[in-house]
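Chemist: no sequence on this one, just coordinates:
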């Protein structure tokens, strides 16, 4: 990655407040907003009911343990009956809350995933972002795993925080009432500490929180780095799996193995750091957890031994201490989850912000002026230079049109070629509007009347009838028309497979993929067809057959970006030329195209 590409990630970063505003805004505009609000209200009602039942259970401790102390069998049995009712109510409330938790997490993930997918696949955005550096790496990780973790953690943390807050408000009064007038005798003086149990509980919980914050301060960054390394590993595995044939033919397994092992090493290295960080945090969380078994008894023991508390009162104090301590130590107990949540929130919000900013490329570099015409208008190109990197400008790599410009009228045939080593693909990308960095003016007809045919097209995993009419299908197209188009381009052996579902990019060879793209154009009958060296590298007989099919596209204007003698001989097109932006600097003859444009083309 270039320094420019690396720097391009910086504008997309947001402070925590900005991250929260962005994601809350996305949820507020989401179709699941109403359902989430209703679920939140239902959860709040259940949490309040659960807190009330827990409060009654704590009150039950007093008479129950007092009955045990008095050896009162009738009172003991009565309190067991009360316990059964409270326990049943708490169990029912816990079951309902668990179901609501899961549905809320599901709806939150639905809102997140659908919003991010919509933002990502807005026409032109994803590809514009591809040259922006690491922010565009592994979008599948952010759409799949990061949204899952963010939705689940947001739900769990929000519910836990509300539950802890209500518990805290409910049991603070219990601790205050138990120890409101308690005092110590110190050196002959009687010192009264109102709410002694409450202050002791707060001090205990705050000590644990501060220690956890100090010990686990690196967890958020480590979790973010871990998810990035996990994404790199999955990307390496997927890329190797999708290219098994060329890898095997090149005997490249050892090279790919080294890359996979390196990615595995990156994941393991981050997991090792996380293991140490979590181990250190466990000293605090586990230590305070075990201490909590005796801490309330130790804190309340002076009141008990002085006779100010009965045994039942002591157990009520222990129960109230545990509830308040749990509420106050919610941050400690969830520190690693909060760190995980912060990491995924940053990754998702930065990615979403970067996609939205892709709509304003002028902030990242000089851009070509695009104008979209009306019905009947042609293509006009004036003074166009295309830069190889967004922020390099005219001083960097790129190409330019040798002529001052040209205009293509409807029905004409045009070829744009250049010397070997000139990145003609970059001009195609500029003409298509997916690589706007440069200068000059390009005027295009209505987008729905154009087909842009790259050298290597995309074939969905679907029925053949869907692949041949990609992207949105053709209304009322008949099977006879589909079969005729396949026969016309020489794909006779697939005529009977219209309803077969395959990974067609693996089934078809290069010639067949090019033929299927031409068949697509035959069926869609575009007003304008712009091709990116589609005929390059095809077998001569296939090339001649496809040119014959293209010749039969009546009313279609052809613009061919590339070098093809067969195309030139058959169509006698007007020919224009592109050249390196800096023939004595930049790209020399025979030098490969800039890395950024190569990535976009691939």
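Modeler: Everything's here; your move. Quick caveat, the model's predicted, so the values are computed rather than measured.

Chemist: quick check: which element contains residue 554?
Modeler: Counting by DSSP states H and E, no helix or strand carries residue 554.

Chemist: where's it relative to residue 444, distance?
Modeler: As judged by Cβ to Cβ, to the nearest Å, residue 554 and residue 444 stand 22 Å apart. The way it works is simple: take the backbone N, C-alpha and C, and place the C-beta from them, glycine included.

Chemist: ok, these two, which is more surrounded?
Modeler: residue 444 (21 against 7; other Cβ atoms under 10 Å).

Chemist: I'd say that one and residue 369 touch.
Modeler: No - judged on Cβ atoms under 8 Å, residue 444 makes no contact with residue 369 at a distance of 11.6 Å.

Chemist: tell me which residues touch the residue lying closest to residue 575 once chain neighbours are set aside, please.
Modeler: Using Cβ to Cβ, 6 or more residues apart in numbering and skipping the chain neighbours, the partner closest in space to residue 575 is residue 415 (4.9 Å). Contacts for residue 415 (Cβ atoms under 8 Å, 6 or more residues apart in numbering) come out as 559-562, 564, 567-568, 571, 573-576.

Chemist: got a pLDDT number for residue 415?
Modeler: On pLDDT, residue 415 comes in at 94.

Chemist: from now on call the first residue 876
Modeler: Sounds good: first residue 876 from here, last item residue 1290.

Chemist: neighbours around residue 1405, how many?
Modeler: When neighbours are defined as other Cβ under 10 Å, residue 1405 has 23 of them.

Chemist: so it, which of the three states?
Modeler: Per DSSP: H, G, I helix; E, B strand; the rest coil, the secondary structure class of residue 1405 is strand.

Chemist: quick one: the closest residue to it other than its chain neighbours from residue 1287, how far?
Modeler: Ranked by Cβ to Cβ, 6+ apart and with sequence neighbours excluded, the top spatial neighbour of residue 1405 is residue 1434, at 4.6 Å. Look at residue 1434 and residue 1287: by Cβ to Cβ, they are 9 Å apart.

Chemist: equivalent analysis for residue 1148, please.
Modeler: Distance from residue 1148 to residue 1287, by Cβ to Cβ: 62 Å.

Chemist: equivalent analysis for residue 949, please.
Modeler: 104 Å.

Chemist: so residue 1031 versus residue 1090, what's the distance?
Modeler: Counting by Cβ to Cβ, the gap from residue 1031 to residue 1090 is 22 Å.

Chemist: in terms of neighbours, single out the busier of the two.
Modeler: Neighbours per residue, other Cβ under 10 Å: of residue 1031 and residue 1090, the larger number sits with residue 1090, 19 against 16.

Chemist: any chance you could map the strands in this protein?
Modeler: Per DSSP state E, the chain carries strands over the ranges 1058-1061, 1064-1067, 1244-1247, 1254-1262, 1273-1276, 1280-1283, 1288-1293, 1313-1319, 1325-1328, 1336-1338, 1376-1378, 1403-1407, 1432-1436, 1449-1455.

Chemist: would you turn those strands into CSV with distance to residue 1385?
Modeler: Listed next are the strands of the chain as CSV, based on distance: least, Cβ to Cβ, whole Å:
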stretch, distance to residue 1385
strand 1058-1061, 88
strand 1064-1067, 90
strand 1244-1247, 32
strand 1254-1262, 26
strand 1273-1276, 25
strand 1280-1283, 28
strand 1288-1293, 21
strand 1313-1319, 29
strand 1325-1328, 14
strand 1336-1338, 19
strand 1376-1378, 15
strand 1403-1407, 14
strand 1432-1436, 18
strand 1449-1455, 24
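
Chemist: indicate which one of these is closest to residue 922.
Modeler: Closest of these to residue 922 is strand 1064-1067, at 35.8 Å (criterion: Cβ to Cβ).

Chemist: give me the mean pLDDT for that closest one.
Modeler: Mean predicted lDDT for strand 1064-1067 stands at 68.

Chemist: the residue nearest to residue 1405 touches residue 1403, doesn't it?
Modeler: Yes - when contacts are counted by Cβ under 8 Å, residue 1434 is listed as touching residue 1403 (7.2 Å).

Chemist: any shared contact partners between those two?
Modeler: residue 1254.

Chemist: these two: who's more crowded?
Modeler: residue 1434 (23 against 20).

Chemist: burial count for the residue nearest to residue 922 when sequence neighbours are not counted?
Modeler: Closest residue in space to residue 922, ignoring its immediate chain neighbours: residue 1038 at 5.1 Å, by Cβ to Cβ, 6+ apart. Look at residue 1038: counted by other Cβ under 10 Å, it has 22 neighbours.

Chemist: contact partners for residue 1038?
Modeler: Contacts of residue 1038 by Cβ under 8 Å, 6+ apart are 922, 925-926.

Chemist: for residue 1100, see how far away it is.
Modeler: 31 Å.

Chemist: show me the shaky parts of the stretch 976-1125 of the chain.
Modeler: 1005-1009, 1011, 1056-1066, 1120 (pLDDT under 70).

Chemist: and the helices in it?
Modeler: Listed in chain order, the helices of the stretch 976-1125 of the chain (DSSP state H, counting those that start in this stretch) span 1000-1004, 1014-1016, 1022-1053, 1071-1090, 1094-1117, 1119-1124.

Chemist: and those helices as CSV, adding distance to residue 1294?
Modeler: Output for the helices of the stretch 976-1125 of the chain, formatted as CSV (distance: least, Cβ to Cβ, whole Å):
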stretch, distance to residue 1294
helix 1000-1004, 27
helix 1014-1016, 36
helix 1022-1053, 47
helix 1071-1090, 63
helix 1094-1117, 32
helix 1119-1124, 29
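
Chemist: which of those sits closest to residue 895?
Modeler: Per Cβ to Cβ, nearest to residue 895 of the helices of the stretch 976-1125 of the chain: helix 1022-1053, 10.5 Å.

Chemist: can you list the buried residues in the closest one?
Modeler: 1022, 1024-1032, 1034-1035, 1037-1039, 1041-1043, 1045-1047, 1049-1051, 1053 (16 or more other Cβ atoms under 10 Å).

Chemist: for stretch 1374-1392, same thing?
Modeler: In stretch 1374-1392, counting by 16+ other Cβ under 10 Å, buried: 1377, 1379, 1383, 1386-1392.

Chemist: ok, residue 949 and residue 1287, which is more surrounded?
Modeler: residue 1287 (15 against 8).

Chemist: now the more buried one: how far from residue 1435?
Modeler: The gap separating residue 1287 from residue 1435 is 12 Å, by Cβ to Cβ.

Chemist: what residues do the two have in common as contacts?
Modeler: residue 1448.

Chemist: grab the nearest non-local neighbour of the residue nearest to the spatial centre of the chain.
Modeler: By Cα atoms, centre = their mean, the chain has its centre lying nearest to residue 1017, at 2.1 Å. Spatial nearest neighbour of residue 1017, excluding adjacent residues (Cβ to Cβ, 6+ apart): residue 1226 at 4.8 Å.

Chemist: and stretch 1350-1367, which residues are buried?
Modeler: Quick answer for stretch 1350-1367 (16+ other Cβ under 10 Å): 1357-1358, 1360-1361, 1363-1366.

Chemist: please disregard the earlier target; I meant stretch 1283-1296.
Modeler: Going by 16+ other Cβ under 10 Å, stretch 1283-1296 has these buried residues: 1283, 1285, 1288-1293.
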